[in-house]
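# Turn this into a structure:
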Amino acid sequence: MEPDTNTALEENPFAQRAAQVAAENGKKAKPSLLANITTRKRRRPVFAVVYGPPGIGKSTFAAAAPKPVFIPAERGLDQITTSKFPTPKTFKELWDMVLVLDTEPHEFETIVVDTLDAVELLIWARVCAEGKVSSIEDYGSGYGKGYVRAREIWTGLLNKLSEMNERFNVLLLAHSHLKTITDPTLSAAYDQYKIKVHDKSADIIRQMVDLILFANLDVTVAKETPKARKGRGIVSGDRLLWTQPATGIEAKNRFNLESPIPFEWEALETGVQKFYDQ
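Numbers count the residues shown, from 1 in each chain. Here you go, the predicted model:
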């Protein structure tokens, strides 16, 4: 005949305590981290850099996004009817605008920073004020210390915007500039359009965003003969948005977008929606 478990526990106080501890440990047991593994795509609002030459229509493009509000670090929105803060004169003023959008209730769905190169000037001014110097080159005791400090401030700003991207579209507008690229796998250097901020700052920006989009006019080259080295640029008037790297263009996207696409918010939104629907 098998022993009565309840009777055995009653007669052995040590067994009673062991059973009690086991029951308590069972209640406190945390689920395995393996339970957090997922396989499906996770939908999130757009987090993008949109850059291009002056006057191409970057602000107009962003104004067509859902319920946008601009943080205009430079002039350029006077001719656009859209919600916007006053132009911040210091990085602290810009940071306070970001915090207000993060912590206070509002109806906006898209946060637009216009432009990154203007924000960089505010960050450099902040670095100079910290170091009590007149130039970022003179900050600290070592070469490039000022740019390292500026990168730290950029990282803090971008981390905050990345957190907010869980709830809002975040569009970072920037001007473009041409930079000569030396690739050791190629026989000659070449020019490429890139975001117009310092290289140390550009590196962290590229890592944080999901999209780097280059906006420009559609230009084709007509040559007098097939062997001619130079040709004549023909501008069609169409504005296009490059979403993937191309000759002379820095771009990236994590949504398998076609490239180029029309320089319109609707075209970008359609492409992202198609990615999530697949």
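
# Any stretches of this protein with poor pLDDT?
Along the chain, segments meeting pLDDT under 70 span 1-16, 18-19, 21-29, 219-236.

# center of it - which residue?
Among the residues of the chain, the one closest to the centroid is residue 209, at 2.7 Å (Cα atoms, centre = their mean).

# Hmm, that residue is touching residue 48, no?
Yes. The criterion here is Cβ atoms under 8 Å, and residue 209 meets it with residue 48 at 5.8 Å. All C-beta atoms are positioned from the backbone trio N, CA, C, and that covers glycine.

# Kindly confirm my reading that residue 134 is in a helix.
No. Assigned with DSSP: H, G, I helix; E, B strand; the rest coil, residue 134 falls outside any helix and is coil.

# now it, nearest residue through space, not along the chain?
residue 128 (6.4 Å; Cβ to Cβ, 6 or more residues apart in numbering).

# contacting residues for the one you found?
Going by Cβ atoms under 8 Å, 6 or more residues apart in numbering, residue 128 touches 134-136, 139, 146.

# In which helix or strand does it reside?
helix 116-131 (DSSP states H and E).

# So which bits of that helix are buried?
Of the residues in helix 116-131, those with enough neighbours to count as buried (16 or more other Cβ atoms under 10 Å) are 116-120, 122-124, 126-128, 131.

# ok, now stretch 134-144?
For stretch 134-144, by 16+ other Cβ under 10 Å, it's 136, 139-140.

# Not counting it itself, show me its contacts.
124, 127-128, 130-131, 133, 145-150, 200.

# at 6 Å instead, please
Defining contact as Cβ atoms under 6 Å, 6 or more residues apart in numbering, one finds that stretch 134-144 is touched by 124, 127-128, 131, 133, 145-146.

# Next: stretch 271-278.
Counting by Cβ under 6 Å, 6+ apart, residues outside stretch 271-278 touching it are 41, 43, 255-257.

# Can you pick out the most distant pair from those?
43 and 257 (15.6 Å; Cβ to Cβ).

# Would you mind telling me which of these two has the busier surroundings?
Per other Cβ atoms under 10 Å, whichever of residue 43 and residue 257 has more neighbours is residue 257, with 23 against 9.

# if I look at that one, how far off is residue 273?
According to Cβ to Cβ, to the nearest Å, residue 257 and residue 273 sit 11 Å apart.

# Would you check that residue 71 makes contact with residue 84?
No. With contact defined as Cβ atoms under 6 Å, residue 71 and residue 84 do not form a contacting pair (7.7 Å).
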